[in-house]
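could you look at this predicted model? Sequence included:
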Amino acid sequence: MISKLIDWTLTLSIVAIMTLVGNFIGYEVMPVTALPGIITLMVIVLIGMVIHEILPFKLPSIAYIGLLAFFVTIPGVPGAEKISEWTSEVNLLSLTTPILAYAGISIGNSWVDFAKMGWKTIIVGMLVLLGTYLGSAIIAEIILRIQGIV
């Protein structure tokens, strides 16, 4: 468990650094300002991963992480306002970019494991990518038309 915790912390630290840089470059939020939010997110993720390892239920770790994040930000929970304030300094796109890059590298390093999931997984993955692309293109087109740019 200790080696997993060290591995998770190292991975999250790399993602955190990339997020701080992206947050600064893309959204001009100073890294010192976003640091409390990044640390808070890292702690929530680490606790969620530990819960995933400890509990006998076989839910995905993201379920525990999401539930934990939900509970600690409910209005009235001690510290919820501060957590919301800190994490509001971390922009979503600056956070998702390094995570998606890491996921892509992970899949790229384990094509054999990916292929073992079967052909249905590849089709679903391709449809998800196509849907994401088309959805983004449609939203961009609507926004550009509303603004009169197109």
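Here it is on my side, so go on.

contacts only, for Ala80.
Val72, Thr73, Ile74 (Cβ atoms under 8 Å, 6 or more residues apart in numbering). Heads up, the C-betas are built off the backbone N, CA and C, glycines and all.

swap that for Ser61, please
Ser61 touches Gly48, Met49, His52, counting by Cβ under 8 Å, 6+ apart.

repeat that for 10 Å
Shown in contact with Ser61 (Cβ atoms under 10 Å, 6 or more residues apart in numbering): Trp8, Val45, Gly48, Met49, Val50, Ile51, His52, Glu53.

nearest to Ile65, of those residues?
Nearest to Ile65 among those: Gly48, at 3.3 Å, using Cβ to Cβ.

was I right to think that closest one contacts Leu12?
No: with contact defined as Cβ atoms under 10 Å, Gly48 does not count as touching Leu12 (11.3 Å).

show me the shaky parts of this structure.
The model of the chain has pLDDT under 70 over residues 104-115.

just want the most central residue of this protein.
In the chain, the centroid-proximal residue (Cα atoms, centre = their mean) is Thr96; its distance is 5.0 Å.

how far does the top helix by length along the chain sit from its chain's centre?
As assigned by DSSP state H, the longest helix anywhere in the chain is helix 119-146. In terms of Cα atoms, centre = their mean, to the nearest Å, the centre of helix 119-146 is found 19 Å from the chain centre.

buried subset of the contacts of Ala80 as a PyMOL selection?
To isolate the buried ones among the contacts of Ala80 in PyMOL, judged by 16 or more other Cβ atoms under 10 Å, type:
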select buried, resi 72+73
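
quick check, nearest of the contacts of Ala80 to Glu81?
Nearest to Glu81, judged by Cβ to Cβ, of the contacts of Ala80 is Thr73 at 8.9 Å.
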